[in-house]
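J.: quick one: sequence and predicted model below, then my questions.
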Amino acid sequence: MPRWWPSWRPSPSGGWPGCADRGRTPYGRPGPCARTIQLVTTPRIAFLKGHGTENDFVIVPDPEGRLDLSAAAVARICDRRAGLGGDGLLRVVRAAAHPEAREQAGEAEWFMDYRNGDGSVAEMCGNGVRVFVRYLLHAGLVEAGDVAIATRAGVRRVHLAKSGDVTVSMGRAELPEEGVTVTVDGRSWPARNVNMGNPHAVAFVEDLAHAGHLREAPPFAPASVYPDGVNIEFVVDRGPRHVAMRVHERGSGETRSCGTGACAVAVAAVRRDGADPAVTGLPVTYTVDVLGGSLSITELPDGTVEMTGPAVIVAEGTFDPDWLTTALA
Ligand SMILES: N[C@@H](CCC[C@H](N)C(=O)O)C(=O)O
């Protein structure tokens, strides 16, 4: 049974709905309205905070899909000074309750509605999906073992134990021929185009410092290769089957890790190193160091990419209703 179970939304007028029809939770148990007057006037929407290799997220459980989170509201929640702070937001919605998931979720009961820190929608988040499943386990909504999660990039299968690292089957990478040239501070590199459900441009560089401050998205050309923007990874070698990366994430800026980015980097390194499992018939594993830790990425002979890494829940609480009403307005 989840500990936090939002079942309210602000009324269109900005106030909170009365409790006449809200006295019971979706499980039929008495809800707060049935118990105290104070909670009637201050209904609480839950949040949690979590991270995977320091790519951090605000988690908002919204099983019945009742919250209307505009881009501006997400950006406000993810603001590190005026809000809770996060690289992105994970809204936890039942697949059956979300129009983007209903048709394609298959056996997946839960849909990961991922938003970048600026409120933009992205297809997939590799660190996010591990944290998402860690939350489901924490809230008692799934059991340890294999769990299917619906995302905008399709269903992803996740293996999690009660504690420790989480493994995600990230699907196959797409490697369109056309790449781009990325430029920072007068230096340019060719970047490989790798799609892990979301778009990445992977540039092998001599020194990670050459990526500069990464406060703004580095320019790339031709722009037509990524009409919806791109995540850009800068990569150096650390040893055999071992690389390190920095990333500028579309919609979030420089982050301390990007799971889909680490997969894209490993897939590009596999091709560069002539270790393609489809050719050798052997799985190959790369360690990808990110600023916030390390991820282990394996490509299998059928082209499937698996990612293993940590997923941590840090805190849980409730939004101040007045603040949230303003943020959602
Ligand atoms: N941090 C994520 C990727 C999040 C989405 C990305 N910024 C995009 O817009 O595609 C990850 O761990 O994969």
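T.: Yes, it's here.
J.: for the rest of this, base every contact and every neighbour count on C-alpha atoms.
T.: Fine.
J.: interface residues of the stretch 201-329 of the chain facing the ligand?
T.: Counting by C-alpha under 6 Å from any ligand atom, the stretch 201-329 of the chain comes close to the ligand at 249-252, 258-261.
J.: phi first, then psi, for residue 150.
T.: The phi and psi values for residue 150, taken as degrees, to the nearest 10, are phi -80, psi 130.
J.: identify the residues contacting the spatially closest residue to it that is not a sequence neighbour.
T.: Taking C-alpha to C-alpha, 6 or more residues apart in numbering, and ignoring the residues beside it in sequence, residue 150 has residue 111 as its nearest neighbour in space, at 4.6 Å. In this structure, residue 111 makes contact with 92-95, 98, 101, 105, 149-151, judged by C-alpha atoms under 8 Å, 6 or more residues apart in numbering.
J.: next: residue 135.
T.: Residues in contact with residue 135, defined by C-alpha under 8 Å, 6+ apart, are residue 313.
J.: what do you get for residue 147?
T.: With contacts defined as C-alpha under 8 Å, 6+ apart, residue 147 is in contact with 108, 133, 157-160.
J.: can you tell me if whichever helix or strand it is part of touches the ligand.
T.: Under the criterion of DSSP states H and E, residue 147 resides in strand 145-151. No: under the criterion of C-alpha under 6 Å from any ligand atom, the ligand is not reached by strand 145-151; the shortest gap measures 11.6 Å.
J.: what about residue 142, neighbour count?
T.: Residues contacting residue 142 under the criterion other C-alpha atoms under 10 Å number 17.
J.: may I have the strands that pair with the strand holding residue 147, each with its orientation?
T.: Sheet pairing here is set by DSSP bridges, and for strand 145-151 it gives strand 110-116 (parallel), strand 154-160 (antiparallel).
J.: skip ahead from the first one and say which helix or strand is next.
T.: So that's strand 110-116. Assignment by DSSP H and E places the next element after strand 110-116 at helix 126-138.
J.: what about that following helix, average pLDDT?
T.: Computed over helix 126-138, the mean pLDDT rounds to 98.
J.: and it, how far out from the chain middle?
T.: 9 Å (C-alpha atoms, centre = their mean, to the nearest Å).
J.: got it, and stretch 211-222?
T.: Stretch 211-222 has its C-alpha centroid displaced from the chain centroid by 21 Å (C-alpha atoms, centre = their mean).
J.: hmm, back to that, of the strands paired with strand 145-151, which is nearest the ligand?
T.: Evaluated with C-alpha to the nearest ligand atom, the strands paired with strand 145-151 place strand 110-116 nearest to the ligand, the distance being 5.7 Å.
J.: let me see the mean pLDDT of that closest one.
T.: For strand 110-116, the per-residue pLDDT values average out at 98.
J.: how about the helices in the chain?
T.: 37-41, 71-78, 126-138, 259-272, 277-280, 321-328 (DSSP state H).
J.: any idea which of the ones you listed scores lowest on pLDDT?
T.: Minimum mean pLDDT among the helices of the chain: helix 37-41, a mean of 44.
J.: with respect to pLDDT, which of the contacts of residue 111 ranks lowest?
T.: Looking at pLDDT alone, these dip lowest at residue 105, where the score is 82.
J.: list the contacts for the spatially closest residue to that one that is not a sequence neighbour?
T.: Setting aside the residues directly before and after it, residue 105 is nearest to residue 150 in space (C-alpha to C-alpha, 6+ apart), at 5.2 Å. If a contact means C-alpha under 8 Å, 6+ apart, then residue 150 has 95, 101, 104-105, 108-112, 156 as its contacts.
J.: got it, and residue 113?
T.: By C-alpha under 8 Å, 6+ apart, the residues touching residue 113 are 90-93, 151-152.
J.: what does residue 286 give?
T.: Taking C-alpha under 8 Å, 6+ apart as the test, what residue 286 contacts is 241-243, 266, 296-298.
J.: state the distance from it to the ligand.
T.: Summarising the geometry, the distance separating residue 286 from the ligand, computed by C-alpha to the nearest ligand atom, to the nearest Å, is 17 Å.
J.: go on, residue 227?
T.: When distance is defined by C-alpha to the nearest ligand atom, residue 227 is 12 Å away from the ligand.
J.: re the thing from before, same list (the contacts of residue 147) but as TSV, adding distance to residue 187 and neighbour count.
T.: Shown next, in TSV, are these (distance: C-alpha to C-alpha, whole Å; neighbours: other C-alpha atoms under 10 Å):
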residue	distance to residue 187	neighbour count
108	45	21
133	40	26
157	39	18
158	39	22
159	41	17
160	42	21
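J.: could the residues you listed go into CSV alongside distance to the ligand?
T.: Conversion of the contacts of residue 147 to CSV gives the following (distance: C-alpha to the nearest ligand atom, whole Å):
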residue, distance to the ligand
108, 19
133, 14
157, 15
158, 14
159, 17
160, 17
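J.: could you dump those residues to JSON lines with distance to residue 85?
T.: Formatted as JSON lines, those follow (distance: C-alpha to C-alpha, whole Å):
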{"residue": "108", "distance to residue 85": "29"}
{"residue": "133", "distance to residue 85": "20"}
{"residue": "157", "distance to residue 85": "28"}
{"residue": "158", "distance to residue 85": "26"}
{"residue": "159", "distance to residue 85": "28"}
{"residue": "160", "distance to residue 85": "26"}
